[in-house]
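In: please work out how this folds:
(chains A and B)
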2 protein chains.
Amino acid sequence: MKIYLAGPDVFLPDAIEIGRKKAAQCARHGLTGLYPLDNVVDLSSPDASLAIFKANEAMMDAADAIIANLTPFRGPSADAGTVYELGYMAGRGKLCFAYSNDPASYRERVAQHYDVTERPGGPHVDPEGLTVEDFGWPDNLMMIHALDLHGAPLVTPAVRPADIWHDLACFEACVRLAADRANAKS
Amino acid sequence: MKIYLAGPDVFLPDAIEIGRKKAAQCARHGLTGLYPLDNVVDLSSPDASLAIFKANEAMMDAADAIIANLTPFRGPSADAGTVYELGYMAGRGKLCFAYSNDPASYRERVAQHYDVTERPGGPHVDPEGLTVEDFGWPDNLMMIHALDLHGAPLVTPAVRPADIWHDLACFEACVRLAADRANAKS
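Out: The predicted structure follows:
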């Protein structure tokens, strides 16, 4: 089973190293991890971003599954690029797994970033007056239930780890879920 | 042509009204707008969020295209639920259109929200040390090029409108793009 390793990990200073670690964890379970930075792209080209997109899309098309890192990124929700990729893989009928290293609910997290108004009998709203989704999930319901129905429920830690960008325990749990599914098929 | 109308519009205080306006704009061009809040869901049910997901997914499966509102939502990027839906529709091979009412580049927007460090010869980084994507696009390259290759380039205004949540000029431009595509097919 080939697994596309999606996440804002590619933006970390040690992005290549963390990709190697994730691929090694996959290999220990008999799986092949495909990491976006494995693609060779000429970043000095004027078409670099298009080349990155095409390489990532081809990598997703070649994969059987995705493990997405949905740890909140620059705000209360997951990284947009990663979320796009999760949706793409669900749309392609691939197996979808994901983790978030922040177990807080979306509502709690929005309240950490913004001045949320609680209205009796009505929804909580942000400073712009927009409703704050409040089903108790760690992020938007579309991702949460996509995982429930297209793979396995979002994996979160009992307690937020000290280093949310490098702790791979929840990633490891996703790898085990994928390996179980691969073994059940073979 | 049936068009799924995705966006954080569903979180607006006048969510139903804006959905009606968008559907009416579609109808004027001979298109059928499908709006998530058209689905009837019992919000008092313990399974309400799952019911919303299933209804939205069925609506996307029934649609030929998506027009996604990628206006930045609670941070520098688009709404995660909307981005998931854009990815899902691209994965399903549907036509993808989108607009953002904020024409600023992603890098500019991150700098409005966070203390970005510019490193000579290296990438710009946020306070956590993560690279800030800097290709000049309004959001993550995965969405930008998905639109280029699966529909039409992201529509943005020359100048940010006064009311980014209710200005429908860029939405109208997306409807025209979809109508052109529908007419070319028929």
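In: can you give me the helices in chain A?
Out: Per DSSP state H, chain A carries helices over the ranges A:15-28, A:48-62, A:80-91, A:106-113, A:141-150, A:169-185.
In: any idea of the mean pLDDT in the shortest one?
Out: I take that to be helix A:106-113. Regarding helix A:106-113, the rounded mean pLDDT is 96.
In: pretty sure residue A:10 sits against residue A:38.
Out: No: under the criterion of CB atoms under 8 Å, residue A:10 lies out of contact with residue A:38, with a separation of 10.7 Å. Quick note: C-beta positions are derived from backbone N, CA and C, even for glycine.
In: what do these two both touch?
Out: Common contacts of residue A:10 and residue A:38, defined by CB atoms under 8 Å, 6 or more residues apart in numbering or on different chains, comprise residue A:19.
In: okay, these two: which has more neighbours?
Out: residue A:10 (23 against 14; other CB atoms under 10 Å in any protein chain shown).
In: touching, residue A:134 and residue A:109? I think so.
Out: No: counting by CB under 8 Å, residue A:134 stays clear of residue A:109, with 11.5 Å between them.
In: what about the two, which has more around it?
Out: When residue A:134 and residue A:109 are compared for neighbours, residue A:109 comes out ahead with 19 against 16, by other CB under 10 Å.
In: residue A:102 is in contact with the more buried one, correct?
Out: Yes: Residue A:109 is within contact range of residue A:102, at 7.0 Å (criterion: CB under 8 Å).
In: what residues are shared contacts of these two?
Out: With CB under 8 Å, 6+ apart as the test, residue A:109 and residue A:102 both reach A:72, A:138.
In: quick one on the thing from earlier: among the helices of chain A, which comes closest to residue B:58?
Out: Closest approach to residue B:58 among the helices of chain A is made by helix A:141-150 (11.8 Å; CB to CB).
In: show me what the closest one packs onto, helices and strands only.
Out: helix A:80-91, strand A:95-99, helix B:48-62, helix B:80-91 (3 or more CB pairs under 8 Å, 6 or more residues apart in numbering or on different chains; DSSP states H and E).
In: mind putting these into a markdown table with mean pLDDT, mean neighbour count and distance to residue A:73?
Out: Conversion of these to a markdown table gives the following (pLDDT from 0 to 100; neighbours: other CB atoms under 10 Å in any protein chain shown; distance: least, CB to CB, whole Å):
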| stretch | mean pLDDT | mean neighbour count | distance to residue A:73 |
| --- | --- | --- | --- |
| helix A:80-91 | 98 | 29 | 8 |
| strand A:95-99 | 98 | 25 | 13 |
| helix B:48-62 | 97 | 18 | 22 |
| helix B:80-91 | 98 | 29 | 10 |
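In: give me the nearest residue to residue A:179, chain neighbours excluded.
Out: Once flanking residues are discounted, residue A:179 sits nearest to residue A:29: 3.9 Å by CB to CB, 6 or more residues apart in numbering or on different chains.
In: can you pull the contacts of that neighbour?
Out: A:175, A:176, A:178, A:179.
In: could you list the buried residues of stretch A:127-147?
Out: The neighbour-count check on stretch A:127-147 (16 or more other CB atoms under 10 Å in any protein chain shown) flags A:130-135, A:137-147 as buried.
In: re the thing from before, closest to chain B out of the contacts of residue A:29?
Out: residue A:178 (18.7 Å; CB to the nearest CB).
In: about what we covered before: make CSV out of the helices and strands packed on helix A:141-150 and add distance to residue B:6.
Out: Converted to CSV, these look like this (distance: least, CB to CB, whole Å):
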stretch, distance to residue B:6
helix A:80-91, 10
strand A:95-99, 19
helix B:48-62, 8
helix B:80-91, 4
